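Enquirer: need a structure here:
(one chain, ligands or ions: 1)
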Amino acid sequence: MVVPLPKISSRMTFQDLDLSNPLRNAINDLGFETPTPIQEEAFPVVRSGKDIVGIAQTGTGKTFAYVLPILRDLKFSKQETPRVLILVPTRELVIQVVDEIEKLSKYITLRVLGVYGGVNLNRHKQAVVEGCDIIVATPGRLYDLAVSRVLKLKAIQKLVIDEVDVMLDLGFRFQLLNIFDLLPERRQNIMFSATMTEDVEALIDDFFIAPKKIAIAVSGTPLDNIEQTSYDVPNFYTKVNLLNHLLFDKSEYGKVLVFAPNKRNADRIFNIVDEEFPNQACVIHSNKTQNYRIRSIENFNKGKHRILIATDVIARGLDLKEITHVINFNTPHYPENYMHRIGRTGRADHLGKSILLATEKEKEAKKRIEELMNYEIPKLEIPEVVEISNELTEEERPKEDRDQSRNRTSQDFVPGPAFHEKKDKNKKVNLGGSYRREIAKKYKKPKTKGDKNFNRKHKKKK
Ligand code: AMP
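Expert: Numbers count the residues shown, from 1 in each chain. This is a model prediction of the structure:
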């Protein structure tokens, strides 16, 4: 997908950055006039030597944002061992980053090497022996070269991890940690990520000391052609019941993108929605095979499936057409992610709708979103017909409960208490909507994922 470059800052030109002549000439040759906002912000921070986390999507000029200041300060050297390591998630990105570095270093004597899996290891070993200043790599191949002792990492001064969110989503965390172990402790860490996810945050907390966070300010202006609403919902299973209730209206919910907080929950939601609406939903996240993902997107775009459940990281790069509703199953921790999510609907002259489901715990995050937009998202009441579930997921149960339940056998398992006192209206026996009764009759079993105890007891009586 081609993402247009963001508006170029009017404040600064490349002349204002303290560049060397060879770099300035290379930029002139490329025809670039002004640094993009992320380049402008990252330049002094990368040069300062501090750890840095840049939040920027592909297409914002993020590669030059770290390459430009690195090249600015990298002195000529004949040493064979690399001084800069750039880790990226895919071979395509290795090739792209090497290409960008080559363009910028046109008038500098610099050796850059790109390595990735799927190519004969000996070929890469040979290339490493010849020496380089910057090595760009996928984590697996880099680790193989390092443990074979051909590649020495003791001289690395700067570590760049690009597309950290994708990297972690693809399950590279363990490999990254192994690589950290081989690097000198005194080094600068530079990370770029398009989205701030729980995984990215955990990596930062565990391995980096107070990195400076830079981000291009996301426009907080709610788009006029997106109608936003929200529901306060007590827990996961009630969210599922509400989601199923909404999706039942096929003519209204024609093409729905449901954002899930992570892969596990995306699968959980999909399994339930798929049971309720067979052959109408699909799911994508990075654990699905390439073929499965392509098929899912095709089915969704062509209208064969009207519901797509996706995680933030995977949805970012997708070209999805004419989405009628974005449903935020969880409330994103970072308001920027919410803005990106809702921007997937309401394109061109179509009116889009966005629905946010927030638990008590997510209210703080919701408040941050509303502050960014300077707009209070109108709240709707959960319809009477939607069953308020008592059941909690493992993550929702209090920690002690989780620990205890691990030691229990499945027979004596009792779900933990609900977080919230039920509203009066929800204390009464819920007969469900007419469509639910219809479905129940048809399938001869309760179709809500609500109160499993009720369901169990009910079964026994039969
Ligand atoms: P990236 O976000 O790094 O993938 O860059 C997106 C595209 O923008 C690449 O093709 C770059 O060559 C180009 N680009 C990077 N910086 C600038 C700039 N300051 N002005 C115009 N184009 C740029």
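Enquirer: Per-residue confidence, the residue sitting nearest the centre point of the chain, what does it come out as?
Expert: Nearest to the mean C-alpha position of the chain, by Cα atoms, centre = their mean, lies Val313 at 2.9 Å. pLDDT for Val313: 83.
Enquirer: which residues of the stretch 201-350 of the chain score low on pLDDT?
Expert: Applying pLDDT under 70 to the stretch 201-350 of the chain flags the ranges 222, 317, 347-348.
Enquirer: what residues are up against whichever residue of the stretch 101-250 of the chain sits closest to the ligand?
Expert: The ligand sits closest to Lys103 of the stretch 101-250 of the chain, with a gap of 7.4 Å, by Cβ to the nearest ligand atom. Every residue, glycine included, has its C-beta placed from N, CA and C. Lys103 makes contact with 26, 30, according to Cβ atoms under 8 Å, 6 or more residues apart in numbering.
Enquirer: before we move on, which element is it in?
Expert: Using DSSP states H and E, Lys103 sits within helix 91-104.
Enquirer: Up against the ligand, what does this structure have?
Expert: Residues of the chain lying near the ligand by Cβ under 6 Å from any ligand atom: 5, 32, 35-36, 39, 58-64.
Enquirer: Tabulate those (JSON lines), appending neighbour count.
Expert: Converted to JSON lines, the residues of the chain next to the ligand look like this (neighbours: other Cβ atoms under 10 Å):
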{"residue": "Leu5", "neighbour count": "10"}
{"residue": "Phe32", "neighbour count": "15"}
{"residue": "Pro35", "neighbour count": "25"}
{"residue": "Thr36", "neighbour count": "22"}
{"residue": "Gln39", "neighbour count": "27"}
{"residue": "Thr58", "neighbour count": "19"}
{"residue": "Gly59", "neighbour count": "14"}
{"residue": "Thr60", "neighbour count": "22"}
{"residue": "Gly61", "neighbour count": "22"}
{"residue": "Lys62", "neighbour count": "23"}
{"residue": "Thr63", "neighbour count": "24"}
{"residue": "Phe64", "neighbour count": "23"}
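Enquirer: Export these as CSV, with columns for pLDDT and secondary structure.
Expert: Putting the residues of the chain next to the ligand into CSV (pLDDT from 0 to 100; DSSP: H, G, I helix; E, B strand; the rest coil) gives the following:
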residue, pLDDT, secondary structure
Leu5, 47, coil
Phe32, 91, coil
Pro35, 93, coil
Thr36, 91, coil
Gln39, 94, helix
Thr58, 76, coil
Gly59, 77, coil
Thr60, 84, coil
Gly61, 90, coil
Lys62, 92, helix
Thr63, 95, helix
Phe64, 96, helix
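Enquirer: Just the helices from the stretch 251-400 of the chain, written as ranges.
Expert: In the stretch 251-400 of the chain, helices defined by DSSP state H, counting those that start in this stretch lie at 263-276, 290-301, 312-316, 335-342, 363-373, 399-407, listed in chain order.
Enquirer: tell me which strands and helices the shortest one is in contact with?
Expert: Helix 312-316 makes packing contacts with helix 164-169, strand 256-260, helix 335-342 when contacts are defined by 3 or more Cβ pairs under 8 Å, 6 or more residues apart in numbering; DSSP states H and E.
Enquirer: can I get the CA coordinates of it in PDB?
Expert: Provided in PDB are the C-alpha atoms of helix 312-316 (Å, rounded to 0.1, in the frame of the first residue of the first chain):
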ATOM      1  CA  ASP A 312      -3.500  -3.600  15.200                       C
ATOM      2  CA  VAL A 313      -0.100  -4.600  13.800                       C
ATOM      3  CA  ILE A 314      -1.500  -6.700  11.000                       C
ATOM      4  CA  ALA A 315      -4.300  -4.400  10.000                       C
ATOM      5  CA  ARG A 316      -1.900  -1.500   9.600                       C
END
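Enquirer: And the helix or strand Leu142 falls within, what's buried?
Expert: Using DSSP H and E, Leu142 falls within helix 139-147. Residues of helix 139-147 classed as buried: 139, 141-146 (neighbour count, 16 or more other Cβ atoms under 10 Å).
Enquirer: Repeat that for stretch 361-377.
Expert: Buried-residue list, stretch 361-377, by 16+ other Cβ under 10 Å: 362, 365-366, 368-370, 372-373, 377.
Enquirer: Mind picking the two most distant members of these?
Expert: Farthest pair in the buried residues of stretch 361-377 (Cβ to Cβ) is Glu362 and Met373. Separation: 16.2 Å.
Enquirer: Now distance to Arg47 too, for the helices of the stretch 251-400 of the chain, in CSV please.
Expert: Output for those, formatted as CSV (distance: least, Cβ to Cβ, whole Å):
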stretch, distance to Arg47
helix 263-276, 37
helix 290-301, 39
helix 312-316, 29
helix 335-342, 25
helix 363-373, 30
helix 399-407, 43
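Enquirer: Please name whichever of those is nearest to Pro89.
Expert: Proximity to Pro89, assessed across these by Cβ to Cβ, is greatest for helix 312-316 (10.5 Å).
Enquirer: surely His340 meets Arg316?
Expert: Yes. Counting by Cβ atoms under 8 Å, His340 does reach Arg316; the two are 7.0 Å apart.
Enquirer: tell me, what's touching those two both at once?
Expert: Common contacts of His340 and Arg316 (Cβ under 8 Å, 6+ apart): Thr195.
Enquirer: got the contact list for the residue of the stretch 351-462 of the chain found nearest the ligand?
Expert: Proximity of the stretch 351-462 of the chain to the ligand (Cβ to the nearest ligand atom) peaks at Leu372, 23.1 Å away. The contact partners of Leu372, by Cβ under 8 Å, 6+ apart, come to 218, 220, 335-336, 339.
Enquirer: And Ser230, its phi and psi?
Expert: Ser230 adopts backbone torsions of phi -150, psi 160, taken as degrees, to the nearest 10.
Enquirer: burial measure for it, as a count.
Expert: Around Ser230 there are 20 other residues, counting by other Cβ atoms under 10 Å.
Enquirer: Kindly report the same for Tyr237.
Expert: A count of nearby residues for Tyr237, using other Cβ under 10 Å, gives 24.
Enquirer: do Val240 as well
Expert: Val240 has 26 nearby residues by other Cβ under 10 Å.
Enquirer: just checking, Ile272 touches Val240?
Expert: Yes. The pair formed by Ile272 and Val240 meets the contact definition of Cβ under 8 Å, at 5.2 Å.
Enquirer: Would you map the strands across the stretch 151-300 of the chain?
Expert: Assigned by DSSP state E, counting those that start in this stretch, the strands in the stretch 151-300 of the chain fall at 158-161, 188-193, 212-215, 226-232, 256-260, 281-284.
Enquirer: quick one, which of the ones you listed is nearest to Ile204?
Expert: Proximity to Ile204 (Cβ to Cβ) singles out strand 188-193 among the strands of the stretch 151-300 of the chain, at 7.4 Å.
Enquirer: Please enumerate residues in contact with that closest one?
Expert: 46, 49-56, 62, 65-66, 157-165, 200, 204, 207-208, 211.
Enquirer: how about His350, phi and psi?
Expert: When read as degrees, to the nearest 10, the backbone of His350 gives phi -90, psi 140.
Enquirer: so it touches Lys321, yeah?
Expert: No. Assessed by Cβ under 8 Å, His350 is found out of contact with Lys321, at 10.1 Å.
Enquirer: Any idea how many residues pack against the residue nearest to the residue nearest to the centre of the chain when sequence neighbours are not counted?
Expert: With sequence-adjacent residues excluded and distances taken as Cβ to Cβ, 6 or more residues apart in numbering, Val313 is closest to Asp169, at 4.4 Å. Using other Cβ under 10 Å, Asp169 has 24 neighbouring residues.
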